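Student: Show me how the following folds:
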Amino acid sequence: MDIFALTCTVWLKQFSILRKKRIRRNDIRRHLQLVFLMIIVVVPSNSLFSGDKIIIAHRGASGYLPEHTLAAATLAYAQGADYIEQDVVMTKDDRVIVLHDIHLETTTNVAEVFPGRARDDGRFYAIDFTLAEIRQLKAVERINRKTGQPVFPGRFPANQSRFFVPTLNEEIELIRGLNKVFNKNVGIYVEIKAPAWHQEEGKDLTRKTLDILYEYGYNDAQSTCFIQCFDPATLKRLRFELKTALPLIQLIGENSWNLSSADYTVLQTSEGLKEIAAYANGIGPWLKHIVTGVDADNQPQISDLVTNAQSLDLLVHPYTFRADQLPKHISSYEAFVRLFAFRIGVDGLFTDYVDLTRAAFND
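Tutor: Numbering: from 1, shown residues only. Take a look at the predicted model:
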């Protein structure tokens with residue numbers, strides 16, 4: 001039962017009781033208003049309704065609004081996210097901004113505003129622009145660079161409304177402000193993007209990000225903050241050189257994606273997971289690393305990755321659950337979520353659709 005249904009149920013029960021007692025109408029109204037406020041405000045965290053499993057808003061409520069905008073983060077908060085994700089890169093003037101790619105052209109109108117600022121490869125790199133320049137851009141729904149068409153055609157329409165690329169500071173302050181207003185403790189889940197590339201460009205994104213997190217009090221193992229990265233060397237640096245106690249998550253991709261020098265096939269083995277357990281608190285695997293396909297009876301083929309990782313006390317937070325991108329063998333989004341959350345038993349998941357995921361958890 002979701003919080004709205006719970007509210008309605010309690011409201012109706014209280015109304016029936018009060019009517020039977022013949023209490024005056026104004027007193028009934030005041031009493032029921034109090035009941036409603038208690039249900040909405042007193043519940044400190046939506047995690048109460050999902051046990052120990054967490055829902056991570058992938059780039060905010062990106063199924064509904066342009067990714068990594070403050071509007072998307074706000075909607076994800078309202079939909080009941082336990083954590084909201086921030087991918088971070090750096091600008092020319094050393095500001096840490098919330099952006100999934102080191103490039104700007106697939107999620108902003110940079111080519112229109114600064115047509116002559118691409119590098120020789122035709123890409124517009126965030127690191128070549130100051131924050132003031134990036135503030136002149138519109139953040140838009142993700143487009144396919146080759147076709148110019150939306151990657152997800154059914155999502156927020158192009159050229160509608162006005163969104164911008166936020167800084168990490170701004171998004172943290174938004175979430176902390178909402179936490180204060182609603183008496184909750186929704187966390188942040190930060191991904192350090194392409195740290196080795198940033199180093200080659202003369203920017204220490206890792207240290208700068210950590211400094212910002214510490215500035216806002218995210219500085220120990222109990223903080224509602226995860227740091228994730230595809231690069232093992234960066235996570236090891238965070239743990240052993242920079243000596244952070246914050247929870248670290250080793251993201252696992254495919255070797256063909258060229259995300260780092262790591263061998264992700266090896267990291268999924270028992271020995272690889274033991275290595276990860278020496279410096280990280282969990283893994284963030286691709287969905288297909290867990291459900292590798294279907295058998296002759298169209299039943300999911302489940303790898304031993306989750307079992308092996310959890311046997312080493314590693315959390316497992318797979319990515320990415322999308323209602324508009326279901327595997328062929330899955331009948332519904334609810335079935336998709338419940339397969340991973342309850343049959344396989346992952347500890348949390350990244351989703352573009354927090355509201356639908358919360359409903360699947362609560363069913």
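Student: would you say residue 88 is within a helix?
Tutor: No - applying DSSP: H, G, I helix; E, B strand; the rest coil, one finds residue 88 to be strand, outside a helix.
Student: can you pull up the bridge partners for it?
Tutor: With DSSP bridges as the criterion, residue 88 is bridged to residue 98, residue 192.
Student: which residues touch it?
Tutor: Neighbouring residues of residue 88 by CB atoms under 8 Å, 6 or more residues apart in numbering: 96-99, 168, 190-193, 205, 209. Yep, even glycine has a C-beta here, placed from its N, CA and C like the rest.
Student: Then residue 95?
Tutor: 130-131, 167.
Student: again, only using 7 Å
Tutor: 131, 167 (CB atoms under 7 Å, 6 or more residues apart in numbering).
Student: Closest to residue 256 out of the contacts of residue 88?
Tutor: residue 193 (18.3 Å; CB to CB).
Student: any idea how far the closest one lies from residue 219?
Tutor: Distance, residue 193 to residue 219, using CB to CB, to the nearest Å: 22 Å.
Student: Likewise for residue 276?
Tutor: Residue 276 is 23 Å from residue 219, by CB to CB.
Student: Look at those two and report which has more neighbours.
Tutor: Comparing residue 276 with residue 219 by other CB atoms under 10 Å, the one with more neighbours is residue 276, at 23 against 15.
Student: The more buried one looks like it's in a helix, true?
Tutor: Yes - according to three-state DSSP, residue 276 belongs to a helix.
Student: What sits closest to it if chain neighbours are left out?
Tutor: Of all residues not flanking residue 276 in the chain, residue 250 sits nearest, at 4.8 Å (CB to CB, 6 or more residues apart in numbering).
Student: what does stretch 216-225 rub up against?
Tutor: 172, 176, 185, 187-188, 190, 213, 245-247.
Student: Got phi/psi on residue 189?
Tutor: Dihedral angles phi and psi of residue 189 (degrees, to the nearest 10) take the values phi -140, psi 100.
Student: didn't it look like it was pressed against residue 81?
Tutor: No - applying CB atoms under 7 Å, one finds residue 189 not in contact with residue 81, separated by 9.4 Å.
Student: any common contacting residues for these two?
Tutor: residue 56.
Student: who has more neighbours, these two?
Tutor: Taking neighbours as other CB under 10 Å, residue 189 and residue 81 compare with residue 81 leading, 29 against 26.
Student: which stretches of the stretch 151-300 of the chain form helices?
Tutor: Ranges of helices in the stretch 151-300 of the chain, per DSSP state H, counting those that start in this stretch, are 168-182, 195-200, 205-215, 232-236, 264-267, 270-277, 287-290.
Student: May I see the buried residues of stretch 184-192?
Tutor: Across stretch 184-192, burial judged by 16 or more other CB atoms under 10 Å covers 184, 186-192.
Student: What's the mean pLDDT across stretch 110-117?
Tutor: Rounded to a whole number, the mean pLDDT of stretch 110-117 is 97.
Student: can you give me how far it is from the chain middle?
Tutor: 29 Å (CA atoms, centre = their mean, to the nearest Å).
Student: can you check stretch 245-261 too?
Tutor: Here the centre of stretch 245-261 is set off from its chain's centre by 15 Å, with CA atoms, centre = their mean.
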